[in-house]
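A.B. asks: turn this into a model:
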Amino acid sequence: MTRKGMDKGKDVLDWLDLASGGETAPGDELPGTRPDLAETFSDDQAALAALAALAPAAEPPKNLLSKIEKRIDKLPKRKITNLRSDEGEWVKRKDKIWQKILNKDPETGRAIYLLRCAPGAVIPPHPHPREEHVFVIEGSFTIGDTLIRAGDYHYSKANTLHGTIRSETGCLVLIHC
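C.D. replies: A predicted model of the protein is given here:
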């Protein structure tokens, strides 16, 4: 499978303006990125292209496409869902803590939701039966001595115990668990 075919043979990297390293003016870099590695990326791309040229041509097995389509047809059907900011319901979970479920998979129990904590909110220690990804949108909270602020990401492995969580400022976080 190639990245070609998006439009008149343009490569994905062309669409993202990465094939040539992009044109970024000094001071326009995105914080936390490494524009100094653009040359390395170009070198890696050239090395991969040279290796691909060495690979022998191969015919795919007969009926491969129909086999792939049959497997795709067996996958659970998911539709695209949009939830506007003024839609959905904020449910009070504890004192100073509200939750708005954005999506929940009934088969796995995994969910994506927003959690809003008012200033002074406290979440007691609790277990995580599955992994949890947290992105802080607004405000901050602490877990033990660790401060997690707006723009930060926090991850907990499955079967771990979270210590007490406190938010002195209040916060809005996106959670996938």
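
A.B. asks: what bridges to the closest residue to residue 116 other than its chain neighbours?
C.D. replies: In this structure, residue 116 finds its nearest non-sequential neighbour in residue 98, 4.7 Å apart by Cβ to Cβ, 6 or more residues apart in numbering. C-beta coordinates here come from the backbone N, C-alpha and C atoms, glycine included. Beta-bridge pairing of residue 98 under DSSP bridges involves residue 92, residue 116.

A.B. asks: hmm, what's the outermost residue in this protein?
C.D. replies: Ranked by distance from the centre of the chain (Cα atoms, centre = their mean), the top residue is residue 62, with 36.5 Å.

A.B. asks: all strands of the protein, in order?
C.D. replies: Taking DSSP state E as the criterion, the chain carries its strands at 91-94, 97-104, 111-117, 121-123, 126-128, 132-143, 146-149, 153-156, 160-162, 165-167, 171-176.

A.B. asks: who's in contact with the residue nearest to residue 116?
C.D. replies: For residue 98, the contact set (Cβ atoms under 8 Å, 6 or more residues apart in numbering) comprises 90-92, 115-116.

A.B. asks: may I ask which two of the residues you listed are separated the most?
C.D. replies: Farthest-apart pair in these is 92 and 115; separation 11.5 Å (Cβ to Cβ).

A.B. asks: what residues sit buried inside stretch 95-115?
C.D. replies: Residues of stretch 95-115 classed as buried by neighbour count (16 or more other Cβ atoms under 10 Å): 96-100, 113-115.

A.B. asks: need the contact partners of stretch 79-97.
C.D. replies: Residues outside stretch 79-97 that contact it (Cβ under 8 Å, 6+ apart): 98-103, 115-123.

A.B. asks: where in this protein is pLDDT low?
C.D. replies: Flagging of the chain using pLDDT under 70 yields the residue ranges 1-38, 40-42, 78.

A.B. asks: domain parsing for it?
C.D. replies: Using automatic domain parsing, the domains assigned to the chain come out as 1-55, 91-176.

A.B. asks: now the longest one, how far from the centre of its chain.
C.D. replies: Meaning domain 91-176. Offset of domain 91-176 from its chain centre (Cα atoms, centre = their mean, to the nearest Å): 16 Å.

A.B. asks: okay, how far is it across it, tip to tip?
C.D. replies: From its first residue to its last, domain 91-176 covers 17 Å (Cα to Cα, to the nearest Å).

A.B. asks: now do stretch 153-164
C.D. replies: 17 Å.

A.B. asks: stretch 88-97 too?
C.D. replies: Terminal residues of stretch 88-97 are spaced 16 Å apart (Cα to Cα).
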